[in-house]
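Asks: This is the structure alone, sequence omitted:
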């Protein structure tokens, strides 16, 4: 009987462990032109974004500093599914074309989130490259309707050792 109780408790513990969030592993993060998945324990700032069925993000422009790890908290205030995908203009255009051809295509990456109506999702991202990047909803028709935004990543302050 004791053996059965121990087995049952270990199964229960294993089941509970399956529902905990994975620990961030920087070695598995893939560097992209627009940054890299960020460590949730090292977030510098939280930015809230709202998506609606008028095919707009609010705000549609955000500014971050190079090296800043940001938690994007995205709320869908609409009645239909939306998504947010970070990337360059060319990458998002290519991905949007693929979504038009395969609208039920399943995909998941740390730089994207599907947000059901009324739900909230998060992306933690480190913007470690300066430049102007984009975010968009790539569900067929949404991107084409203007559901896009811009991310301006300002360069770190560089010391000038010659002055």
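Replies: That came through, no problem. All of these numbers come straight from a predicted model, not from anything done at the bench.
Asks: Would you check that residue 149 makes contact with residue 134?
Replies: Yes - contact criterion CB atoms under 8 Å: residue 149 and residue 134 qualify, at 6.8 Å. (C-beta placed from N, C-alpha, C; glycine too.)
Asks: more neighbours, the two?
Replies: residue 149 (21 against 18; other CB atoms under 10 Å).
Asks: neighbours around the nearest residue to that one once chain neighbours are set aside, how many?
Replies: Using CB to CB, 6 or more residues apart in numbering and skipping residues adjacent in sequence, the residue nearest residue 149 is residue 60, 4.0 Å away. By other CB under 10 Å, the residues close to residue 60 number 13.
Asks: What residues does residue 60 make contact with?
Replies: By CB atoms under 8 Å, 6 or more residues apart in numbering, the contact set of residue 60 is 148-150.
Asks: nearest to residue 111, of the residues you listed?
Replies: Nearest to residue 111 among the contacts of residue 60 is residue 149, at 13.6 Å by CB to CB.
Asks: in whichever helix or strand the closest one is part of, what's buried?
Replies: Under the criterion of DSSP states H and E, residue 149 resides in strand 148-154. Under the neighbour-count criterion of 16 or more other CB atoms under 10 Å, strand 148-154 has 148-149, 151, 153 buried.
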